[in-house]
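Colleague: Pasting the sequence and the predicted coordinates here, then a few questions.
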Amino acid sequence: MLLGPTPSRFSVIEGQPVQRFVARSAMTLMEVLICLALILISMSTVIPNLMRLYEADAVNRAVSDVGAILGQTRTMAIDNANVYLFRCYPGESTFEVLEVERSGSPSSNKGSMGQSELILRSVMQGELSSDFRFVSSHPLIRGAQDSIGVYWLPDGSASSQSFGIMDRSGRRHWIGVDAITGQLSRLKNSSSQGAKR
């Protein structure tokens with residue numbers, strides 16, 4: 001059986017085996033620098049966009065979390081046929097849900113005889129991410145009115161209220177509660193100014 005010549009890395013020249021060299025391509029320093037420059041340019045445009053997307057996603061999650069708590073508070077008010085209060089404080093990230101009960105005994109204040117006192121019993125407490133703070137949609141007077149509160153009634157309606165969540169950069173994202181339906185809405189103007197429907 002005849003076989004053809006077998007391929008070899010060696011050639012025979014006048015009885016001497018000589019190795020054949022295969023040419024290999026390699027990148028020069030200039031080509032490497034150009035590639036690095038292109039990568040850096042594309043990263044400088046992509047990374048800020050990714051950061052904006054991440055911040056927008058974090059804001060949406062914070063607003064959704066607050067909306068879920070408000071919806072849960074409304075459901076508790078309907079299911080338990082009682083009044084519940086969602087309360088938060090401007091400049092802080094903490095919030096709480098309180099059950100509102102009336103005491104059977106009248107108040108001891110002379111001006112409010114015949115009225116029963118309100119007893120607030122804590123049902124739930126929570127906190128936003130450290131990047132966010134609650135803000136009020138109107139100027140607040142320090143003292144008894146320094147909290148933002150939404151009362152939920154047993155029929156599902158609520159005290160009309162709008163308040164905001166402020167992110168690290170100072171942008172405010174407004175949430176509104178409709179008094180009649182108790183529905184939540186994210187108000188259109190998310191700026192450092194007041195909320196507008």
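Modeller: Nice, thanks for sending it over.

Colleague: how many neighbours does I47 have?
Modeller: I47: 10 surrounding residues under other CB atoms under 10 Å. Yep, even glycine has a C-beta here, placed from its N, CA and C like the rest.

Colleague: hey, where'd the strands end up in this protein?
Modeller: Using DSSP state E, the strands found in the chain span residues 10-13, 16-19, 83-88, 94-106, 116-127, 133-136, 148-152, 161-166, 172-177, 184-186.

Colleague: weakest of these in terms of mean pLDDT?
Modeller: Mean pLDDT is lowest for strand 10-13 out of these, coming in at a mean of 54.

Colleague: who wins for proximity to A62 among the strands of the chain?
Modeller: Minimum separation from A62 across the strands of the chain (CB to CB) falls at strand 161-166, 5.5 Å.

Colleague: Including mean neighbour count, could the strands of the chain go into CSV?
Modeller: Below are those laid out as CSV (neighbours: other CB atoms under 10 Å):
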stretch, mean neighbour count
strand 10-13, 9
strand 16-19, 9
strand 83-88, 22
strand 94-106, 15
strand 116-127, 12
strand 133-136, 21
strand 148-152, 21
strand 161-166, 22
strand 172-177, 21
strand 184-186, 15
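
Colleague: what's the first-to-last distance across stretch 131-151?
Modeller: Stretch 131-151 has its terminal residues 26 Å apart, counting by CA to CA, to the nearest Å.

Colleague: Next: stretch 148-165.
Modeller: Taking CA to CA as the criterion, the two ends of stretch 148-165 lie 12 Å apart.

Colleague: if we can go back for a sec, how about the strands of the chain, which one is nearest M30?
Modeller: Within these, the stretch nearest M30 is strand 16-19; the backing value is 31.0 Å (CB to CB).

Colleague: circling back: now tabulate the strands of the chain in JSON lines and tack on distance to V59.
Modeller: Formatted as JSON lines, those follow (distance: least, CB to CB, whole Å):
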{"stretch": "strand 10-13", "distance to V59": "70"}
{"stretch": "strand 16-19", "distance to V59": "66"}
{"stretch": "strand 83-88", "distance to V59": "17"}
{"stretch": "strand 94-106", "distance to V59": "17"}
{"stretch": "strand 116-127", "distance to V59": "16"}
{"stretch": "strand 133-136", "distance to V59": "13"}
{"stretch": "strand 148-152", "distance to V59": "18"}
{"stretch": "strand 161-166", "distance to V59": "7"}
{"stretch": "strand 172-177", "distance to V59": "6"}
{"stretch": "strand 184-186", "distance to V59": "10"}
